[in-house]
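1. Here's my sequence, what's the structure:
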Amino acid sequence: MSVVASQTPSRPHGAGRLLESKEIHVWSSRIDVPREQSARLERTLSPDEWARAAAMRSERARNRSAAGRGLLRYILGGYTDVPAEKLRFESGPGGKPMLSAGLNSDRLHFNVSHSGGILLVAVGRSPVLGVDVERVRPISRAGALARRVFSDGERDRLQGVPAESRTEAFFNCWTRKEACVKATGEGVWSAFARFEVTVEPGHPARILAVDGDEAKADDWSLHHLEPAPGYVGALAAEGSGWRLGTFTLGPPEMTR
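-> Numbers count the residues shown, from 1 in each chain. Sure, this is the predicted structure:
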């Protein structure tokens, strides 16, 4: 099932009051932000978030990790009306991150993904939602990965795509499957085989079967995302009839 696009607020502040029960918001943002904005975001991080960022090997990776976590806090703070630095998180099934229950009276759920310089954050009232984004680029092990984690049908569809579009099709397949897996909170490698999806660029994103059962696909929604040139992504959510709002958090708003 597809997700129908709808208009959403241009800034996070007060966004929780505009998020309806059958709506999912997807925010995109660049995480290579100017140093002044990065410093403001970093001040909201918890000690363990700082430690994870500091463990990154390169300065760029450290900066992206810290800015990405700060942006996540800023976005969620707009829904909860809790200051970003006071947000607390806990682990749900499979280690899926969740807002602490004491700060989540509106029963908000979120999922986050980043690739290169792009961050995606999905927010909704369904606990079973997942988002993924990837920068489209050639990878030497694409064939081996496809043989390992794509279904026979997905590999056949991938081979049926013109050669010049095959890399994009590979990442369509990858992000759609990973969004589904992240929605369930299961491990990637153990659960990739559960979901069979479409791959063709320019065609609607759909789940074709779940656990080999085509009828179960009707219990899910899948939407293709293009948050920036050269990137593809996907949003997956259990259930149907979701309305999707997508918008971009730009530099002027991101640290107000």
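2. May I have the residues that are in contact with the nearest residue to Ala209 once chain neighbours are set aside?
-> Of all residues not flanking Ala209 in the chain, Glu196 sits nearest, at 4.4 Å (Cβ to Cβ, 6 or more residues apart in numbering). Every residue, glycine included, has its C-beta placed from N, CA and C. By Cβ atoms under 8 Å, 6 or more residues apart in numbering, the contact set of Glu196 is 151, 153-154, 207-210.
3. did I read that right, Glu196 in a helix?
-> No - according to DSSP: H, G, I helix; E, B strand; the rest coil, Glu196 belongs to no helix; its state is strand.
4. how close does it get to Arg52?
-> Relative to Arg52, Glu196 is positioned 34 Å away (Cβ to Cβ, to the nearest Å).
5. Please apply the same query to Glu59.
-> 15 Å.
6. and stretch 180-187, C-alpha only, in CSV?
-> The C-alpha trace of stretch 180-187 is given here as CSV (Å, rounded to 0.1, in the frame of the first residue of the first chain):
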residue,chain,number,x,y,z
CYS,A,180,10.9,-2.6,6.7
VAL,A,181,13.4,-4.4,9.0
LYS,A,182,14.0,-1.2,11.0
ALA,A,183,10.2,-0.9,11.5
THR,A,184,10.1,-4.3,13.1
GLY,A,185,13.2,-3.8,15.2
GLU,A,186,14.8,-7.0,14.0
GLY,A,187,18.4,-7.5,13.0
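7. buried set for it?
-> By 16 or more other Cβ atoms under 10 Å, the buried positions in stretch 180-187 come out as 180-186.
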